[in-house]
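> need a structure here:
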Amino acid sequence: MIVYEADKQQFLSDSNDRDIEEVVFAKYFHTTGRNVSAAEKKSWKESLGYMSKVLSDSEIPNDVGVAVELHIPQSSKRIDVSLTGRGHDNSKNIVIVELKQWDKVTSSTKDALVNTYLGGGHRDVVHPSYQAWSYASLMEGFNEAVYAGGISVQACAYLHNYERDGVIDSDHYAGYIAKAPLFLKGETERSMLRKFIKQHIKFGDPSVLYELANGRIRPSKALSESLAGLLKGNPEFILIDDQKEVYENILAAGRSASTANPKVVIVEGGPGTGKTVLAINALVTLMGAGLNCKYVSKNAAPRRVYQAKLAGTMTQTRYSNLFTGSGGFIDTPGDQFDVLIVDEAHRLNEKSGLYGNLGENQVKELIAAAKCTVFFIDEDQRIALSDIGTKQTIRTFGTDKGAEVSEHELASQFRCSGSDGYIAWLDDALAVRETANKTLTPAEFDFQVFSDPADLHTAIAQKNNTGTARVVAGYCWPWTSKKDPKAFDIVIGDYRKRWNLDVDGSLWIIAPNSINEVGCIHTCQGLEVDYIGVIIGPDLIVRDGRIVTEPKARDRHDKTLRGYKARLKADPKNATAEADLIIKNTYRTLMTRGMKGCYVYCSDEETASYFRARLSPLAALT
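Numbers count the residues shown, from 1 in each chain. I've put the predicted structure just below:
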C-alpha cells in the first residue's frame, strides 16, 4: 500500500503550490479511513518540504517516481519517502529515505540505539540509518518484485534539522551508516543526498513504482533457506514422537488452507512439551513452501529469545519481522497472511494498545487475518486477569469465520527431567488440581527447599557454571531500581538483588550476566533453563496445610492483577477465585521452567515447611 504516489514533477507542484501535508492526509484518509495527529501532519509539512528542496535539481528526472508512506511487507511500518527509477546501467532501483526532525541525540551503549526526546519524554530508539537499512532488508526478504523482479534497494536517512556533532555520526554507528548513509542539516549535506540519489537513479520509469507497489508478499528463497539452515542439525529444534505428528498436521493445514477453506488449529500442551520448538519448526517449513507466515506471541520474551537463537546473535535482525506481538492485527485486511502461528495463546488479551482500548478481540483479529491460524495453548499458564485465550474462545471465533477447527495435544514431557510425576505433584501441592502424586522423590526431579535466599542464589549460580540457571520470583517487591539504578528491589534480610537487567528485559533469560539478577514471570514464560530458582513471596502462603493466596501482597504495579479491586467490588466470589487461580498459575509456571531442577525459597516459614513435608524422606533438604 502507498498513501501518496506521484512523479517528481507532480510532487514538487503539490509541495510548492499546495499544502503537501493536506494532500498526503487526504490520500491517507481515503486509503485507511483514519485520522492522524497534528504532530504527524506537521512532520509531513516540514520533512516533505525539505525533500522537495532536495529534488529541486534539474539532473534528477521529472518522471522519477515518488512514494510517501510506502507500506513495508510483514509490518505495520511505512517508509517516509521512496524514489524509483532506473540506474545508469538501466537497472531498476529504489532509494528509500528515512526522514527525521531530530536536532539532538545522546549515544547509547546498546547496539543501534540512540536516546532522544520523543512522545513527551526521552527514550531509546533505533538509529535512523539502522531503521532505513532494516526497512530495505525487509523489502529484499519479502517483496517478490524486489528479490525476483530485479529491483535493487538503496537506503539512507535524512535528518534535516541535525547538525553534525560526532554523536549521531559516531564510530559506534559506523557499520549501519555504511549500509544506509546519513545526511544531516545544511546545503552541503543536501547536495550530498542529491548526489546519492543521482548515483542510483539516472532515468525515470513509472513502471518500477507500479511493480514495487504490486509485488506479492512472499518470503524469498534465500531467506527461507537461511532459516532452514539455522535449524538443521541444531538438537534444540529436533522434533520427536507426538511433536512430529502434530507438526505434520500443522503443515497439512497451512498448505491446504484458503480464503474459501480457512483452517484453525489448536495445539494444547503443558509445560515442557515443546510447543515453542514446534511452532518455530512449523514457521520455517511453511515459509520454505513460499507461504506468508508470522510467529505471534503477546509476551515479548519468547519471540525475542527464539529470534536471537535463530540469528545466533542478539544484534542480528534479519529475521526480526517474522516475530511480532499479538496487538498489531486490529486493521489487518482479511486473509492477508497464509499462516499465523500464535504461541502462548493463553496470554492473548481482548483489547490491544497501551491502554487496552483498541480493537475488538485479539483471538478474532488473528483468525480473521490469516487463512490458517495455529494456536499453541496451555490454559494452566494463564497468569493475568486480562488473559482471555481459551480453547472455547478460539473454537467460537473459528466457527464464526467458517473455518475447519482441529485440535491436537502434546503429551510428551521434555522439561522437568521428563517427569510427568513432578508436574502432577506440583499441581497437587499448589492446589491447582488434585492428583494422586502427594509426595515427590529425588529420582523424579531435583527439587530442593532452601531456608535462606542467598544460599538458593549461590546454588543456582553454581549450576549456571555448568549449564543455564536463573533465579525468578513472584512480583511482590517493587521495581525500585528502575528509577534508582543503585537501589535494590528484592530485599530479604541480608539478601539484596535487583529485578532484571538494564538491557532489554525480554532477553533477560539468555543475557550473560542475568544470573546476578532476579527475573519475573514476564521474562521467563515460554522459556526454559537447566535449573530454576524460585523465590515464593507472601502472595502464596500455607496455613494449616492449605494453600492461601494473598493478592494484596503483590506489588501495586503488578499488571497481572490489574482490575482486581474493581472486580472484587462487583463480584467478590468470582474475583477472589480468579485472583487465586492467577497466583497459583504464576508459581506453577515459574516452578516448571527448569529442565533438570527447581530450587525454592519461601518468604513464609510455614510455606517452606509445607513443601518440605511434601518431599520423600530420601530427598536432600537444605
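> show the low-confidence segments of the chain, by residue range.
Residue ranges of the chain with pLDDT under 70: 73-76, 221-223, 226-227, 230, 233-236, 310-320, 412-419, 501-505, 618-622.
> okay, now Asp427: neighbour count?
19 (other CB atoms under 10 Å). C-beta: built from backbone N, CA, C; applies to glycine.
> so how far is Leu527 from Asp446?
Asp446 sits 19 Å away from Leu527, going by CB to CB, to the nearest Å.
> repeat for Pro61
From Pro61 to Leu527 the distance is 53 Å (CB to CB).
> same check, this time on Pro333
33 Å.
> what about the two, which has more around it?
More neighbours surround Leu527 than the other of Pro333 and Leu527, with 21 against 9 (other CB under 10 Å).
> how would you label that one: helix, strand or coil?
Judged by DSSP: H, G, I helix; E, B strand; the rest coil, the three-state class of Leu527 is coil.
> what residues are up against it?
Thr276, Ala301, Pro302, Val305, Ile509, Arg593 (CB atoms under 8 Å, 6 or more residues apart in numbering).
> if you rank those by neighbours, which is first?
Top of the contacts of Leu527 by neighbour count (other CB under 10 Å): Arg593, with 27 neighbours.
> which residue ranges of the stretch 51-200 of the chain form strands?
For the stretch 51-200 of the chain, the strands defined by DSSP state E, counting those that start in this stretch cover 65-71, 78-86, 92-100, 106-107, 113-118, 121-126, 151-159, 182-183.
> quick one: the last one to chain centroid distance?
The reference is to strand 182-183. Strand 182-183 has its C-alpha centroid displaced from the chain centroid by 29 Å (CA atoms, centre = their mean, to the nearest Å).
> for that strand, packing partners?
With contacts defined as 3 or more CB pairs under 8 Å, 6 or more residues apart in numbering; DSSP states H and E, the packing partners of strand 182-183 are strand 151-159, helix 187-200.
> please identify the most buried of those.
Among those, ranked by average contacts under mean count of other CB atoms under 10 Å, first place goes to strand 151-159 (a mean of 23).
> that strand pairs with which strands, parallel or anti?
strand 92-100 (parallel), strand 182-183 (parallel) (DSSP bridges).
> Gly290: what secondary structure?
coil.
> quick check: chain neighbours aside, which residue is closest to it?
Excluding the flanking residues, the one nearest Gly290 by CB to CB, 6 or more residues apart in numbering is Arg218, at 5.6 Å.
> so who does the closest residue to Val81 other than its chain neighbours touch?
In space, Val81 comes closest to Val97 once its chain neighbours are excluded; the distance is 4.4 Å by CB to CB, 6+ apart. Contact partners of Val97, counting by CB under 8 Å, 6+ apart, are Met51, Ile79, Asp80, Val81, Ser82, Leu83, Ala132, Cys156, Ala157, Tyr158, Leu193.
> ok, 7 Å please
Val97 makes contact with Asp80, Val81, Cys156, Tyr158, according to CB atoms under 7 Å, 6 or more residues apart in numbering.
> ok, what's across the strand from it?
Val81, Cys156.
> by neighbour count, which bits of stretch 401-411 are buried? Give me those.
Going by neighbour count (16 or more other CB atoms under 10 Å), the buried part of stretch 401-411 is Lys401, Ala403, Val405, Ser406, His408, Leu410.
> which ones among those residues lie within helices?
Lys401 (DSSP state H).
> return the closest of the buried residues of stretch 401-411 with respect to Ala257.
Within the buried residues of stretch 401-411, the smallest distance to Ala257 is 8.4 Å, found for Ala403 (CB to CB).
> where's that closest one relative to Ile394, distance?
10 Å.
> identify the contacts common to these two.
What both Ala403 and Ile394 touch, as defined by CB under 7 Å, 6+ apart, is the set Val264.
> list the contacts for the closest residue to Ser82 other than its chain neighbours?
Spatial nearest neighbour of Ser82, excluding adjacent residues (CB to CB, 6+ apart): Ala67 at 4.2 Å. By CB under 7 Å, 6+ apart, the contact set of Ala67 is Ile2, Tyr4, Glu5, Ser82, Leu209.
> kindly supply the PyMOL command isolating those of the residues you listed that are buried.
This is how PyMOL selects the buried members of the contacts of Ala67, with burial counted by 16+ other CB under 10 Å:
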select buried, resi 2+4+5+82+209
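> ranges for the strands of the stretch 201-350 of the chain?
Counting by DSSP E, counting those that start in this stretch, the strands of the stretch 201-350 of the chain are 263-269, 293-296, 323-324, 337-342.
> and of those, who's closest to Arg498?
Across those, closest to Arg498 is strand 323-324 (CB to CB), at 27.4 Å.
> direction included, what does that closest one pair up with?
By DSSP bridges, strand 323-324 pairs with strand 293-296 (parallel).
> list the contacts of the partner strand.
74, 279, 283, 286-287, 303, 322-324, 326, 337-343, 366.
> buried ones in that strand?
Quick answer for strand 293-296 (16+ other CB under 10 Å): Cys293, Lys294, Tyr295, Val296.
> ok, back up a step: out of the contacts of Val97, which is nearest to Leu456?
Asp80 (51.4 Å).
> and that closest one, how many residues sit next to it?
23.
> chain center to stretch 530-549, what's the gap?
30 Å.
> quick one: end-to-end distance for it.
28 Å (CA to CA, to the nearest Å).
> go through it and flag the buried ones.
530-542, 547-549.
> report the two of these separated the most.
Going by CB to CB, the pair spanning the buried residues of stretch 530-549 furthest: Asp530 and Val548, at 31.5 Å.
> ok, now which ones touch the nearest residue to Ile197 once chain neighbours are set aside?
Nearest residue to Ile197, sequence neighbours excluded (CB to CB, 6+ apart): Val95, at 5.6 Å. By CB under 7 Å, 6+ apart, the contact set of Val95 is Leu83, Gln154, Cys156, Ile197, His200, Ile201.
> what sits closest to the first one if chain neighbours are left out?
In other words, Leu83. Leu83 sits nearest to Val95 (CB to CB, 6+ apart), 4.5 Å away.
> try the last one
The spatial neighbour of Ile201 that comes closest, neighbours along the chain excluded (CB to CB, 6+ apart), is Gly85 at 4.0 Å.
> related to what we said a few turns ago, as JSON lines, the contacts of Ala67 with distance to Ala174 would be great.
Listed next are those as JSON lines, based on distance: CB to CB, whole Å:
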{"residue": "Ile2", "distance to Ala174": "32"}
{"residue": "Tyr4", "distance to Ala174": "33"}
{"residue": "Glu5", "distance to Ala174": "34"}
{"residue": "Ser82", "distance to Ala174": "25"}
{"residue": "Leu209", "distance to Ala174": "32"}
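> for stretch 479-489, which outside residues touch it?
For stretch 479-489, the external contacting residues (CB under 7 Å, 6+ apart) are Trp477, Pro478, Arg496, Lys497, Arg498, Trp499, Asp502, His557.
> mind doing that once more with 6 Å?
The contact list for stretch 479-489 (CB atoms under 6 Å, 6 or more residues apart in numbering) reads Trp477, Arg496, Arg498, Trp499.
> redo the strands of the stretch 51-200 of the chain as TSV? Include distance to Ala228.
Shown next, in TSV, are those (distance: least, CB to CB, whole Å):
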stretch	distance to Ala228
strand 65-71	27
strand 78-86	29
strand 92-100	28
strand 106-107	37
strand 113-118	30
strand 121-126	28
strand 151-159	24
strand 182-183	35
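> so which of the ones you listed comes closest to Asp57?
Comparing the strands of the stretch 51-200 of the chain by CB to CB, strand 78-86 comes nearest, at 11.9 Å.
> tell me what the closest one is packed against?
With contacts defined as 3 or more CB pairs under 6 Å, 6 or more residues apart in numbering; DSSP states H and E, strand 78-86 has these neighbours: strand 65-71, strand 92-100.
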